[in-house]
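1. Task: produce atomic coordinates for the following.
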Amino acid sequence: MPSFLEITPDKLNRIIGTPTAPTIIDVRDDGDFSADPRLIPGSVRRDYRKVAEWADDFSGPSVVLCQKGQKLAHGVAAHLRALGKPAEVLEGGFEAWRASSAALVPQDKLPPRDDRGRTVWVTRSRPKIDRIACPWLIRRFVDPSAVFLFVPAAEVAGVADRFNATPFDIEGATWSHRGELCTFDIMVEEFGLGTAPLLRLAAIVRGADTARPELAPEVPGLLAASLGLSRMFNDDLEQLEAGMLLYDAFYRWCRDATDETHNWPNARKG
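-> Residues are numbered from 1 along each chain as shown. Predicted structure coming up:
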């Protein structure tokens, strides 16, 4: 039973990927991290010894984890609370999360970060499906502070080079279509995020992005909503923000509501 200062791996796993998820701060020391250089989805690494220097980088609720959920995590969380920032500790730390068989993101799959600790990505402008779905996945499960640059297709490679950005969903990029799989599929696989809900969502995205409505009954719905959004917004970043809500809804359906139906209550009392 966790104390009121702790959160269980199961409870944290239920809120990861949702818009209200807390910031997850990994303060494992270098030795523990090098022994298993994987990250809880959406987490950021910070040096526990420098908590006073980086504490102001975070404003909302946070969950702190170390190897076993003991002195390092509790010390950092206590520092954050002393600064008026709500903070809990992951019960059992990284070891408990790993034992629960929940998803873990390999550190070596993450692109380099800028001087503010953010991953920076670049793709073609006027996004439709994959180029909204992938940023949603990255922000919800990989890097909540990720920056996305939308530029003309001919400029993607040049922008990637000059601004140290990672190109995606464009021919020749590492993060792009492979065979029958779309970029979203590749990211789910490479980032170690192959949970049942995300694999279900990946099939819907793949069907909508590659004109294969037979892959899932929901494909035409996602396609229609995506094309509608692309016509509602001239600004790609505004479209991305609207698309985040769309994919939040599809993800929660994939996770929690696939067996639920809705029928109009036609019967009258009496």
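2. Check the separation of the first and last residues in stretch 15-23.
-> Between the opening and closing residues of stretch 15-23 lies a distance of 11 Å (C-alpha to C-alpha, to the nearest Å).
3. in that stretch, what's buried?
-> Judged by neighbour count using 16 or more other C-beta atoms under 10 Å, the buried positions of stretch 15-23 are Ile16, Gly17, Ala21, Pro22, Thr23. C-betas here are computed from N, CA, C, even on glycine.
4. farthest-separated two in the residues you listed?
-> Distances among these were taken as C-beta to C-beta; the most separated pair is Gly17 and Thr23, at 13.8 Å.
5. where exactly do the helices run in the stretch 51-200 of the chain?
-> Using DSSP state H, counting those that start in this stretch, the helices assigned to the stretch 51-200 of the chain run over residues 51-54, 71-82, 93-99, 130-141, 156-162, 183-190, 196-209.
6. what helices or strands is the fifth one leaning on?
-> Same thing as helix 156-162. Identification of packing neighbours for helix 156-162 by 3 or more C-beta pairs under 8 Å, 6 or more residues apart in numbering; DSSP states H and E yields strand 120-124, strand 166-167.
7. Name the surrounding residues that touch the last one.
-> Read it as strand 166-167. For strand 166-167, contacts defined as C-beta atoms under 8 Å, 6 or more residues apart in numbering pick out Pro111, Thr119, Val120, Trp121, Val122, Thr123, Val156, Ala157, Ala160, Ala173, Thr174, Trp175.
8. Reformat the residues you listed as JSON lines; add pLDDT and distance to Leu80.
-> Below are these laid out as JSON lines (pLDDT from 0 to 100; distance: C-beta to C-beta, whole Å):
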{"residue": "Pro111", "pLDDT": "95", "distance to Leu80": "28"}
{"residue": "Thr119", "pLDDT": "97", "distance to Leu80": "24"}
{"residue": "Val120", "pLDDT": "98", "distance to Leu80": "27"}
{"residue": "Trp121", "pLDDT": "98", "distance to Leu80": "29"}
{"residue": "Val122", "pLDDT": "98", "distance to Leu80": "33"}
{"residue": "Thr123", "pLDDT": "98", "distance to Leu80": "35"}
{"residue": "Val156", "pLDDT": "98", "distance to Leu80": "39"}
{"residue": "Ala157", "pLDDT": "97", "distance to Leu80": "41"}
{"residue": "Ala160", "pLDDT": "98", "distance to Leu80": "36"}
{"residue": "Ala173", "pLDDT": "96", "distance to Leu80": "38"}
{"residue": "Thr174", "pLDDT": "95", "distance to Leu80": "36"}
{"residue": "Trp175", "pLDDT": "98", "distance to Leu80": "34"}
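9. coming back round to it: closest to Leu227 out of the helices of the stretch 51-200 of the chain?
-> With C-beta to C-beta as the criterion, Leu227 lies closest to helix 196-209 of those, at 9.3 Å.
10. Can you tell me what sits against that closest one?
-> Taking C-beta under 8 Å, 6+ apart as the criterion, the residues outside helix 196-209 that touch it are 128-130, 133, 137, 141, 180-182, 184-185, 188, 212-216, 218-220, 222-223, 226, 247, 250-251, 254-255, 258.
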